[in-house]
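Colleague: need a structure here:
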Amino acid sequence: MNIPKDVALVIEIADSSRLRDRNLKMPLCASGRIPIYWIINIVDERVEIYSQPRAGKSPTYRQIDLFAGDEEVPLVIAGETRGVIPVASLMP
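Modeller: Prediction:
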């Protein structure tokens, strides 16, 4: 996967692809040092936010935040919160 260096955020919308997104795509984004990786998890009705990428042999994200119900998800670009999005507005 060739990821441009100026990508600030990747968002996946997942129902049946949740495992592939977590186990394949997320490590690829971490290895590319994408700062923020979201999974909008339709099945569990939550937003998973992965941040603080770690590349290397086992690329992953060091920080995981989960948002559900009536919570709001912070939209962070380049370390700055640009706004918030209600979780409910991201669900079908």
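
Colleague: C-alpha from now on. contacts and neighbour counts both.
Modeller: Fine.

Colleague: and the residue nearest to G83 when sequence neighbours are not counted, what is it in contact with?
Modeller: Distances taken as CA to CA, 6 or more residues apart in numbering place L75 nearest to G83, at 5.3 Å, with adjacent residues excluded. Residues in contact with L75 (CA atoms under 8 Å, 6 or more residues apart in numbering) are T81, R82, G83, V84, I85.

Colleague: what's the helix or strand hosting F67 packed up against?
Modeller: Mapping F67 onto the secondary structure by DSSP states H and E places it in strand 60-68. Using 3 or more CA pairs under 8 Å, 6 or more residues apart in numbering; DSSP states H and E as the contact test, the elements touching strand 60-68 are helix 26-31, strand 46-54.

Colleague: and the last one, how far from the chain's centre?
Modeller: Relative to the mean C-alpha coordinate of its chain, strand 46-54 is positioned 5 Å out (CA atoms, centre = their mean, to the nearest Å).

Colleague: Next, the angle strand 60-68 makes with it.
Modeller: 160 degrees (axes from the mean of the first three to the mean of the last three CA atoms, to 10 degrees).

Colleague: Can you list the strands that strand 46-54 pairs with?
Modeller: Paired strands of strand 46-54, with direction, are strand 36-41 (antiparallel), strand 60-68 (antiparallel) (DSSP bridges).

Colleague: returning to what we had before: may I see the buried residues of the strand holding F67?
Modeller: The neighbour-count check on strand 60-68 (16 or more other CA atoms under 10 Å) flags T60, Y61, F67, A68 as buried.

Colleague: Tell me which residues touch the residue nearest to the second one when sequence neighbours are not counted, please.
Modeller: The shortest distance from Y61 to any residue that is not its chain neighbour, by CA to CA, 6+ apart, is 4.3 Å, and that residue is P53. Shown here is P53, whose contacts under the criterion CA under 8 Å, 6+ apart are A30, S31, R33, I34, P35, I36, P59, T60, Y61, R62.

Colleague: Likewise for G69?
Modeller: So G69 contacts E45, R46, V87, A88 (CA under 8 Å, 6+ apart).

Colleague: quick one: low-confidence ranges for this protein?
Modeller: Across the chain, the ranges flagged by pLDDT under 70 are 1-4.
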